[in-house]
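Colleague: show me the folded form of this:
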Amino acid sequence: METYSHAFFTWALAKHGVRAGRAAGIAGAAGALFPDLPSFAGTAYYVGTAYLTEGWSSMDSEKMLDAIYFSGPFGGTGSVLHSAVPALVLLVVYRVARLRRVDRRKILLWFLLGWLGHTLVDFLTHVDDTRPLFWPISDWEWSSPVSYYDPAYYGREFSIVNHALILVTMAILLVRRLGRRKGSRA
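Modeller: Take a look at the predicted model:
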C-alpha cells in the first residue's frame with residue numbers, strides 16, 4: 001500500500017474510529033510511516049546522487065530499486081522495520097511494563113499499532129517485492145495474490161478501491177465536521 005494510505009487510515013482509525021484523540025492519531029500516522037523511512041532515505045541517496053552526477057538517462061531503474069529497497073545500506077533496515085517481530089515485541093513490553101499508565105494519550109501505543117498495521121497490510125499487498133514477516137525468527141516470505149501497484153496482480157483495482165475509501169472517509173469526516181459546526185451555531 002502507498003505510504004500515505006497507511007498513514008491516513010491509521011490516523012482516521014485512531015482519531016475518529018476509536019476516538020483515541022488527536023495525539024494518538026498523529027502518533028499512529030507516524031508509526032505507519034516509520035517502516036518506509038529507510039526507502040525514503042535510500043531514494044534520496046541513490047536517485048539524488050545519480051541524478052546530480054549523471055542525469056536521468058543513466059539510471060538503471062531495476063538496479064536502483066533493488067539498491068533502495070533490498071541490497072543497499074538502507075535495505076536491511078527496511079527489512080527489519082517491515083518485520084512484525086520488533087513491533088510485536090515492543091507491544092508485549094508495553095503491556096508487561098504497564099506503559100499504559102504513563103502513556104495516557106496513547107501516543108506510544110498508536111505509534112506501535114501504526115507500525116504493525118503497515119507491516120501487516122504490506123504483507124497482504126506485495127507480490128514480488130516481499131520481505132520476511134517474522135524476521136529474524138524466520139526468513140519465510142509470502143507472495144500475495146494482490147499487489148498494491150502491479151496491474152498484473154489487481155494493482156489498478158486495488159488502487160481504485162484504496163483511493164475511493166480515502167475519499168469516502170474524508171467525505172464522511174467532512175460531513176460530520178460541518179454537522180457539528182452547524183449544530184453549535186444553532
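Colleague: give the contact list for residue 2.
Modeller: Taking CB atoms under 8 Å, 6 or more residues apart in numbering, we find residue 2 in contact with 148, 162. Where C-beta positions appear, they are placed from N, C-alpha and C, glycine not excepted.
Colleague: and the gap between it and residue 36?
Modeller: 9 Å (CB to CB, to the nearest Å).
Colleague: one more: residue 112?
Modeller: Distance, residue 112 to residue 36, using CB to CB: 16 Å.
Colleague: from residue 94, how far out is residue 169?
Modeller: 27 Å.
Colleague: now do residue 64
Modeller: 37 Å.
Colleague: with residue 33 instead?
Modeller: Using CB to CB, one obtains 19 Å as the distance from residue 33 to residue 94.
Colleague: one more: residue 78?
Modeller: 23 Å.
Colleague: these two: who's more crowded?
Modeller: Taking residue 78 and residue 94 together and counting by other CB atoms under 10 Å, residue 78 has the greater number of neighbours (22 against 16).
Colleague: how about the more buried one, what does it touch?
Modeller: 35, 36, 38, 39, 42, 69, 70, 131.
Colleague: pick the one among those closest to residue 138.
Modeller: Closest approach between those and residue 138, by CB to CB: residue 131, at 11.7 Å.
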